[in-house]
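Undergrad: quick check, what structure comes out for this input:
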Amino acid sequence: MLVTSARTLLRRRLCSIELIKDYTSRRSISCSSCTRAAANVQEDVAAASCSSSESKIENGPLASHSVRNNILRRRRLGIRRNNESRSTKDTDAVELALDSVVKIFTVASSPNYFLPWQNKSQRETMGSGFVIAGKKILTNAHVVADHTFVLVRKHGSPTKYKAQVEAVGHECDLAILSVETEKFWEGMNSLELGDIPFLQEAVAVVGYPQGGDTISVTKGVVSRVEPTQYVHGATQLMAIQIDAAINPGNSGGPAIMGNKVAGVAFQNLSGAENIGYIIPVPVIKHFIAGVEEKGKYVGFCSLGLSCQPTENVQLRNHFQMRPEMTGVLVSKINPLSDAHKVLKKDDVVLFFDGVPVANDGTVHFRNRERITFDHLVSMKKPNETAVVRVLRDGEEYDFSITLQPLQPLVPVHQFDKLPSYYIFAGLVFVPLIQPYLHEYGEDWYNTSPRKLCEIALREPPKRAGEQFVILSQF
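TA: Sure thing, here's the model as predicted:
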């Protein structure tokens, strides 16, 4: 009787619990504890729906110890194979680069611009380069600037081979070398140029940075793609920012993405950690194509315009821009440019080759990315034409403009040649160039004569071949 009563009591309690559960589940859940319970139920359902047949067998009542071990073993093997596959791809890319990347030894001597008839002391510099199609070596221009002679050494070889500088583009900081010795090319592979990587894509920088004599590989990801000031050429061209370490000696080495070249390492950001820059493939191809077609470096084109944004509502209303219009206001035109013949000050540039220009001067680049429309101009070949639509006095006009590389009144740089000078009655006359102002020290902008500095940075030329001559010594 006691056992029967206990069983009856237990059965009644279980029924009560089930009724309470059923009642609770039908009520609207408002308290935090019920919310957590519902979340737990949803997680359990999601986990159950995502579970594979293997997990059902593993957790099922018929699963044995050996079955569970086999399933876990297959999972670990699959993960290991995936990691090995990725590692093999990275290793293959690096191995390919090892048979292409070379170390460059340069002996250089720069002119003394205060005493233009003599050079400064010789200096030795080192950099990197890599083989491209046609038995050529691509490197940075600053690696071979003002060179006296150049030597190259391939990976795993103790021998240095003499190299010749075939072409140099100081604006884009690129140079092409050649080696006549056939023995040098034995076992060497050329690298193929790829495309612009997307943000967060992984790249590996291969080269010979300071801190050692052998080859080095550093890895990072793409952080940013935008026009950047090239330190060597003082020009604004597209560049790719990466977080891989780029140190002196890395210059000229390839940045590998997959099994292709994503860019050429060329500079880092002073005072910052792990911020390096590589020259993207479009700039590289533009440089190489110009050299192959003309036999020499041809430069990057410019419209010759100075523009200002039209984000101010009052400014837009003043120049009769409708609400749907976007563009930039022309504030200055280079007299040597073809645009000077057809465009006027206070024109509003609306489209460049059919691409709408935003009020901040940018154009669509890729998915949710924008870039200044100067990039479209710089990618044009010399003597190519572009159709520019402008707003003038409330009316829209289309003009066809021939693009050319433009030279400033005061050259920004002068490499690989001696400066010109003229001596008369003990007076030394020289054309003003920015390297002359650089002789005043690293803080040349503040220590050089203010008038000369303003002319060098802001004065446009009035006719082709014009020079600004100064009295340097007396």
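Undergrad: residues of stretch 356-375 that come out buried?
TA: By 16 or more other C-beta atoms under 10 Å, the buried positions in stretch 356-375 come out as Val357, Ala358, Asn359, Gly361, Thr362, Val363, Phe365, Ile371, Thr372, Phe373, Asp374, His375. To be clear about C-beta, it is placed using only N, CA and C from the backbone, and glycine gets the same treatment.
Undergrad: not counting its neighbours along the chain, what's nearest the fourth one?
TA: Leaving aside its chain neighbours, Gly361 sits nearest to Val328 (4.8 Å; criterion: C-beta to C-beta, 6 or more residues apart in numbering).
Undergrad: quickly list what that neighbour is bridged to.
TA: Counting by DSSP bridges, Val328 forms beta bridges with Pro309, Val349.
Undergrad: next, count neighbours for it.
TA: 24 (other C-beta atoms under 10 Å).
Undergrad: wait, what's in contact with it?
TA: Cys307, Gln308, Pro309, Thr310, Val348, Val349, Val357, Asn359, Asp360, Gly361 (C-beta atoms under 8 Å, 6 or more residues apart in numbering).
Undergrad: between those residues, which is nearest Val143?
TA: Nearest to Val143, judged by C-beta to C-beta, of the contacts of Val328 is Gly361 at 32.9 Å.
Undergrad: was I right about the closest one contacting Ser306?
TA: No - Gly361 is beyond contact range of Ser306, at 11.1 Å (criterion: C-beta atoms under 8 Å).
Undergrad: before we move on, back to that, report the two of the buried residues of stretch 356-375 separated the most.
TA: Among the buried residues of stretch 356-375, Asn359 and His375 lie farthest apart (C-beta to C-beta), at 17.3 Å.
Undergrad: all helices for the protein, in order.
TA: 2-26, 32-50, 53-59, 65-98, 141-144, 281-294, 313-318, 339-342, 374-378, 434-438, 444-447, 450-458 (DSSP state H).
Undergrad: confidence-wise, which of those helices is weakest overall?
TA: Mean pLDDT is lowest for helix 32-50 among the helices of the chain, at a mean of 39.
Undergrad: give me the number of residues near Asp99?
TA: Quick note: Asp99 (other C-beta under 10 Å) scores 16 neighbours.
Undergrad: how much space between it and Leu138?
TA: 15 Å (C-beta to C-beta, to the nearest Å).
Undergrad: who's in contact with the spatially most central residue of the chain?
TA: Central residue of the chain (C-alpha atoms, centre = their mean): Ile240, 1.4 Å from the mean position. The contact partners of Ile240, by C-beta under 8 Å, 6+ apart, come to Ile196, Pro197, Val222, Arg224, Val225, Ala255, Ala262, Gly263, Tyr277, Ile278, Ile279, Pro280.
Undergrad: just the buried ones from the residues you listed?
TA: Using 16+ other C-beta under 10 Å, the buried ones in these are Ile196, Pro197, Val222, Val225, Ala255, Ala262, Gly263, Tyr277, Ile278, Ile279, Pro280.
Undergrad: the second one reaches Ile256, doesn't it?
TA: No - proximity of Pro197 to Ile256 does not meet the contact threshold set by C-beta under 8 Å, at 10.6 Å.
Undergrad: quickly list what's touching both of these two.
TA: Val203, Ala262.
Undergrad: how much space between Leu237 and Gly207?
TA: On the measure of C-beta to C-beta, Leu237 and Gly207 end up 21 Å apart.
Undergrad: correction: Arg322
TA: In this view, Arg322 and Gly207 are 52 Å apart by C-beta to C-beta.
Undergrad: compare these two (neighbour count), which wins?
TA: Gly207 (30 against 9).
Undergrad: for that one, give the beta-bridge partners.
TA: Ser216.
Undergrad: break down the stretch 51-200 of the chain into its strands, ranges please.
TA: 101-108, 123-132, 136-139, 147-154, 161-169, 174-178 (DSSP state E, counting those that start in this stretch).
Undergrad: relative to Ala272, which of those is closest?
TA: strand 123-132 (21.4 Å).
Undergrad: buried residues in the closest one, which are they?
TA: Thr125, Met126, Gly127, Ser128, Gly129, Phe130, Val131, Ile132.
Undergrad: adding distance to Met188 and pLDDT, write the residues you listed out as JSON lines.
TA: Shown next, in JSON lines, are the buried residues of strand 123-132 (distance: C-beta to C-beta, whole Å; pLDDT from 0 to 100):
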{"residue": "Thr125", "distance to Met188": "23", "pLDDT": "93"}
{"residue": "Met126", "distance to Met188": "19", "pLDDT": "94"}
{"residue": "Gly127", "distance to Met188": "18", "pLDDT": "95"}
{"residue": "Ser128", "distance to Met188": "14", "pLDDT": "95"}
{"residue": "Gly129", "distance to Met188": "12", "pLDDT": "95"}
{"residue": "Phe130", "distance to Met188": "10", "pLDDT": "95"}
{"residue": "Val131", "distance to Met188": "5", "pLDDT": "95"}
{"residue": "Ile132", "distance to Met188": "11", "pLDDT": "94"}
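Undergrad: of those, just say which sits nearest to Thr447.
TA: Thr125 (26.0 Å).
Undergrad: show me what contacts that closest one?
TA: Thr125 sits next to Phe105, Thr106, Ala108, Val143 when contact means C-beta under 8 Å, 6+ apart.
Undergrad: doesn't Gly249 make contact with the last one?
TA: Yep, that's Val143 we're talking about. No - in this structure, Val143 is not within contact of Gly249 by C-beta under 8 Å, at 9.4 Å.
Undergrad: which one of the two is surrounded by more residues?
TA: Val143 (27 against 23).
Undergrad: cheers, nothing more for now.
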